[in-house]
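Participant: Here you go, sequence then predicted model.
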Amino acid sequence: DSQLNPDYSFTNFIEGDCNRLARSAGVAVAENPGGTAFNPLVLYGDSGLGKTHLAQAIGLKTKELYQDKTVLYVSANKFQTQFTEAIRNNNKNDFLHFYQMIDVLIIDDIQELAGKEKTQNTFFHIFNHLHQSGKQLILTSDKAPIELKGMENRLLSRFKWGLSADLQNPDYDTRVRILQQKAYKDGIVLDMDVIEYIASNVTNNVRELEGALISLLAQSTLNKKELNLELATSIIDKLVKNTKRELSIDYIQKVVCDHFSLPIDVLQAKTRKREIVQARQIAMYFSKTLTKASLASIGSQIGNKDHATVLHACKTVNNLMDTDRGFKTQIDEIDKKLKM
Ligand code: ADP
Ligand code: MG
């Protein structure tokens, strides 16, 4: 089983300026896996912009064109879990063997391996084996390879062997076409003014665009109301107000540094200066409370620390908030800035 979702096909992937390069590289790879210069193909970009969809589309297309090839889609988290289990059960060799037999290996959200040295090391060997045997690797990441932190250099340098293509936020015109396609797939006819209203107001990423359409349909069905511009306006306005931006760890570091008037790169420096240590701890605390990143991943992105340091930082900040009112005020101010 390839673990591919048939909905994530090229047919369902709307092309626009935001994804043209990534999409055409993907088509080339699917038509000739392992045989193009795009090996590995690294697809990167912010959350909700279509990395998983496009990576799976390549897998689906490959399977359609080459029935005898083994294609596997796996998230980096699942890869990590499987690896840990293999070690615990003493069958690392079976694990390696399994992965070395694959013709097209898709690993999603590779940034999740940040700070996980043993898994990275094993992935390095699998990568080399597959690449040398002319097999195709497709990786996705929320950052460009050069910006990935907590990754072994030898692995990063291999990511650069092929092509890194980014996915950007779709422009208005592409948003309109995506909405039209989604509505069509669901068998619904939407007035153009409704589509235009959604496309003008829901602008963060494709996932939110889809979410908006789904709430609209759900509410009009539930309340038996016609899905006209009036209903769309009231629902979308509420939705946009309530959507909390998903904060990035880079952004959190920037806001914390701004707040204390520190240069942004200072959190990466190996310094024990009290004020910097504390700013770093605060950035770690907010990364833990406001993002879904793991302790290890936060640590690797903020000053290249381990998960225990991040855990300690969170405890320290929590304690200080309980005991030091001035400190608590600072935290509240930063919190407000982050949620602005
Ligand atoms: P990511 O992996 O980058 O976070 P996903 O691939 O999960 O994003 O995409 C989020 C949602 O948006 C999915 O349901 C996907 O089908 C849809 N989507 C993204 N890009 C497009 C596109 N160009 N055309 C149609 N749907 C898209
Ligand atoms: Mg994804």
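Facilitator: In hand now; what should we look at? Numbering: from 1, shown residues only. Ligands and ions are numbered 1, 2, ... in the order given.

Participant: list the contacts for the closest residue to ligand 1 within the stretch 151-300 of the chain?
Facilitator: Nearest residue of the stretch 151-300 of the chain to ligand 1: residue 206, at 3.6 Å (C-beta to the nearest ligand atom). For the C-beta atoms, the positions are set from N, CA and C on the backbone; glycine is no exception. With contact taken as C-beta atoms under 8 Å, 6 or more residues apart in numbering, residue 206 is in contact with 48-50, 170, 178.

Participant: Toward the C-terminus, what is the element adjacent to the helix or strand of the chain with the lowest mean pLDDT?
Facilitator: Counting by mean pLDDT, DSSP states H and E, the weakest-scoring helix or strand in the chain turns out to be helix 229-242, with a mean of 87. Using DSSP states H and E, the helix or strand that directly follows helix 229-242 along the chain is helix 249-259.

Participant: CA atoms only: put that next one into CSV for me.
Facilitator: Output of helix 249-259 as CSV, limited to C-alpha atoms (Å, rounded to 0.1, in the frame of the first residue of the first chain):
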residue,chain,number,x,y,z
ILE,A,249,9.0,30.0,15.3
ASP,A,250,11.0,32.6,13.3
TYR,A,251,8.3,35.1,13.8
ILE,A,252,8.1,34.5,17.5
GLN,A,253,11.9,35.0,17.8
LYS,A,254,11.6,38.2,15.8
VAL,A,255,8.8,39.6,18.1
VAL,A,256,10.6,38.6,21.3
CYS,A,257,13.9,40.2,20.1
ASP,A,258,12.0,43.4,19.0
HIS,A,259,10.3,43.6,22.3
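
Participant: Pull up the residues of the protein that are close to ligand 2.
Facilitator: With C-beta under 5 Å from the ion as the criterion, the chain meets ligand 2 at residues 51-52.

Participant: Now tabulate the contacts of residue 206 in JSON lines and tack on pLDDT and distance to residue 210.
Facilitator: Below are the contacts of residue 206 laid out as JSON lines (pLDDT from 0 to 100; distance: C-beta to C-beta, whole Å):
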{"residue": "48", "pLDDT": "95", "distance to residue 210": "9"}
{"residue": "49", "pLDDT": "97", "distance to residue 210": "12"}
{"residue": "50", "pLDDT": "97", "distance to residue 210": "11"}
{"residue": "170", "pLDDT": "96", "distance to residue 210": "12"}
{"residue": "178", "pLDDT": "97", "distance to residue 210": "8"}
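
Participant: Of these, select the buried ones using a ChimeraX command.
Facilitator: For the buried members of the contacts of residue 206, the matching ChimeraX selection, counting by 16 or more other C-beta atoms under 10 Å, is:
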select :48,49,50,170,178
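
Participant: Strands along the stretch 101-250 of the chain, start to end?
Facilitator: Counting by DSSP state E, counting those that start in this stretch, the stretch 101-250 of the chain has these strands, from start to end: 104-108, 136-141, 163-166.

Participant: Those strands: which one's closest to residue 15?
Facilitator: Closest to residue 15 of these, according to C-beta to C-beta: strand 163-166, at 13.2 Å.

Participant: Not counting the closest one itself, show me its contacts.
Facilitator: The contact list for strand 163-166, computed with C-beta under 8 Å, 6+ apart, reads 21-22, 25, 37-38, 41-45, 144-145.

Participant: Any regions of the stretch 151-300 of the chain where pLDDT drops low?
Facilitator: Within the stretch 151-300 of the chain, the stretches with pLDDT under 70 are 243-246.
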